[in-house]
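Undergrad: With the sequence up front, the predicted model follows.
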Amino acid sequence: MGPIIVVAEDNEPFRSMLVSTLTMNGYTPIPAADGHEALLRVKESMTAALLVDVSLPGMSGVRVVEVLRAQPEWENLPVIGMSGYDLSDDEAELFTRFLQKPLVLADLLQYLNELVPLPEHDD
């Protein structure tokens, strides 16, 4: 089992594609459909990183990260934000990395590997 990545995305087909991509590349994704579920999933698992859409229903991705950053156990959690829109400088500073939608999956995987390297396997 690879590092746990919470995938917070409200668009179900896109979320499923992200989950499949992460699984095929050695990660253990945990999906979340909204901001409240994302917080719950991060807090209940040994989350290595959070991949979060900025525009989530209920609680925005920006607010999710603000809540996490205010708690000592999550203040250094690697967070990759995603959006089709530009962010203000204050919002952008909350994220470890930011990807503009439509995503380039190779960029996402490169960022994840930098932030949460996969364990070496002895074959």
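TA: Happy to help now that I have it.
Undergrad: Count the residues that sit near the closest residue to M46 other than its chain neighbours.
TA: In this structure, M46 finds its nearest non-sequential neighbour in I4, 5.7 Å apart by C-beta to C-beta, 6 or more residues apart in numbering. Using the backbone N, CA and C atoms, a C-beta is placed for each residue, glycine as well. Around I4 sit 19 other residues, with neighbours defined as other C-beta atoms under 10 Å.
Undergrad: Ok, V42 next?
TA: Neighbourhood size, V42 [other C-beta under 10 Å]: 26.
Undergrad: Wait, it touches L50, no?
TA: Yes. Using C-beta atoms under 8 Å, V42 is in contact with L50, at 5.9 Å.
Undergrad: list residues touching both of these two?
TA: 6, 68, 77 (C-beta atoms under 8 Å, 6 or more residues apart in numbering).
Undergrad: Render the CA-only coordinates of the lengthiest helix in the chain in CSV, please.
TA: When the chain is parsed with DSSP state H, its longest helix is helix 12-24. The C-alpha coordinates for helix 12-24 follow below in CSV (Å, rounded to 0.1, in the frame of the first residue of the first chain):
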residue,chain,number,x,y,z
GLU,A,12,-17.4,12.5,-9.8
PRO,A,13,-16.0,11.5,-13.2
PHE,A,14,-12.9,13.6,-12.7
ARG,A,15,-12.5,12.4,-9.1
SER,A,16,-12.7,8.8,-10.3
MET,A,17,-10.1,9.4,-13.0
LEU,A,18,-7.7,10.9,-10.4
VAL,A,19,-8.3,8.0,-8.0
SER,A,20,-7.5,5.5,-10.8
THR,A,21,-4.4,7.4,-11.9
LEU,A,22,-3.1,7.6,-8.4
THR,A,23,-3.8,3.9,-7.8
MET,A,24,-2.0,2.9,-11.0
